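> generate coordinates for the sequence data below:
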Amino acid sequence: MRTTHITKPQEVTRKWVVVDAEGQLLGRLSSQIAHILRGKHKPDFSPSVDCGDYVIIVNADKIRVTGKKMDQKIYVRHSGWIGHRKETKMKDVMKRKPEYVLTHAIKGMLPKNNLGRKMFSKLHVYAGPTHKHEAQKPEVLTITNL
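Alright, predicted model coming up:
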């Protein structure tokens, strides 16, 4: 009898990777990072187990978008009180917190449950070229825009 192999959480091996976001397109980079965080690039992927790797993104402030998204894309937040909806354009968010743009895009591509939140905790985004995870000896991963 043949059975499908389901990876157990203690069998998962994780590694650390560094991705340089300079000049990359936001959506294409985000989808590939979500793929790595989920672990779908591994042969022993199981949908119900967190199989993904740790991802460090540097130079998040140098990300690119196409079209008029900098002026037209709007990030919305709400306090819960009546009339307290706040809208912020992408260009203003990029000036204040460029890491948020990438984390928001990647978080939307992960599962919306406990497993997705666990995967999202393995993402580290930095606006500049330096990061504080040198002790983990991360590998450099080059992502090309297709």
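> residue ranges with poor pLDDT in this structure?
Across the chain, the ranges flagged by pLDDT under 70 are 146.
> any buried residues in stretch 105-116, and which?
105-107, 109-110, 116 (16 or more other C-beta atoms under 10 Å). Where C-beta positions appear, they are placed from N, C-alpha and C, glycine not excepted.
> in helices only, show me the residues you listed.
Judged by DSSP state H, helices contain the following of the buried residues of stretch 105-116: 105-107, 116.
> I'd like to know which of the buried residues of stretch 105-116 is nearest to H124.
I106 (11.3 Å; C-beta to C-beta).
> correct me, but that closest one touches Q32?
No: with contact defined as C-beta atoms under 8 Å, I106 does not count as touching Q32 (9.7 Å).
> any idea which helix or strand carries V55?
Remark: V55 resides in strand 54-58, with elements defined by DSSP states H and E.
> sheet partners, orientation included, of that strand?
strand 16-20 (parallel), strand 123-125 (parallel) (DSSP bridges).
> JSON lines for the ones you listed, including distance to S79?
Converted to JSON lines, the strands paired with strand 54-58 look like this (distance: least, C-beta to C-beta, whole Å):
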{"stretch": "strand 16-20", "distance to S79": "34"}
{"stretch": "strand 123-125", "distance to S79": "25"}
